[in-house]
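J.: Here's a sequence, model it:
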Amino acid sequence: MKLLNPIEQSPSHKPANKQFITELQEQISDSRKTPRFILDRYEGNYAICENQSTGQIVQIPKNQISPLAQDGDILKFKKNRYKIAFKETRLKKEEMKKLLNSLK
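T.: Now for the predicted structure:
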């Protein structure tokens, strides 16, 4: 006997599920095309960042990064600048906070 998820049982939720899956696939596809960087710190005129995909540490000129970017922010390259990925940054910070709280 196969148990169904309650959402799968309701036909009214199927369009929402399909839309969610489509959006998730687009985000995954976009993240594969555009590397993400975690801003570690600033040193002089450079931002020291870690490429999330490769783990490689890179120096990015400060003038190519959003002036609002802070340590720990996730950056993505868009329209010739590194911009803050606000949603990804928020989720990562929440994840880190939970991890730290679990160690207490």
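J.: isn't residue 41 right up against residue 48?
T.: Yes. Taking C-beta atoms under 8 Å as the definition, residue 41 is a contact partner of residue 48 at 5.2 Å. In this view, the C-beta of every residue, glycine as well, is placed from N, C-alpha and C.
J.: what helix or strand is the residue nearest the centre of the chain on?
T.: Closest to where the C-alpha atoms of the chain average out (C-alpha atoms, centre = their mean) is residue 88, at 3.0 Å. Following DSSP states H and E, one finds residue 88 within helix 86-102.
J.: repeat for residue 47
T.: Remark: residue 47 resides in strand 46-51, with elements defined by DSSP H and E.
J.: Residues in contact with that strand: which ones?
T.: 35-42, 56-62, 65, 69, 75, 82 (C-beta atoms under 8 Å, 6 or more residues apart in numbering).
J.: Now list the buried members of those residues.
T.: Buried by 16 or more other C-beta atoms under 10 Å: 35-39, 60, 65, 69, 75, 82, out of the contacts of strand 46-51.
J.: What is the nearest of those residues to residue 94?
T.: Nearest to residue 94, judged by C-beta to C-beta, of those is residue 38 at 14.9 Å.
J.: Could you count how many residues lie near residue 95?
T.: Around residue 95 there are 10 other residues, counting by other C-beta atoms under 10 Å.
J.: mind listing what residue 73 touches?
T.: Contact analysis of residue 73 by C-beta under 8 Å, 6+ apart lists 38-39, 84-85, 89.
J.: would a markdown table of those with distance to residue 95 be doable?
T.: Shown next, in a markdown table, are those (distance: C-beta to C-beta, whole Å):
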| residue | distance to residue 95 |
| --- | --- |
| 38 | 13 |
| 39 | 16 |
| 84 | 17 |
| 85 | 14 |
| 89 | 11 |
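J.: would you turn those residues into JSON lines with pLDDT and distance to residue 21?
T.: Output for the contacts of residue 73, formatted as JSON lines (pLDDT from 0 to 100; distance: C-beta to C-beta, whole Å):
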{"residue": "38", "pLDDT": "96", "distance to residue 21": "27"}
{"residue": "39", "pLDDT": "97", "distance to residue 21": "31"}
{"residue": "84", "pLDDT": "95", "distance to residue 21": "26"}
{"residue": "85", "pLDDT": "95", "distance to residue 21": "21"}
{"residue": "89", "pLDDT": "94", "distance to residue 21": "24"}
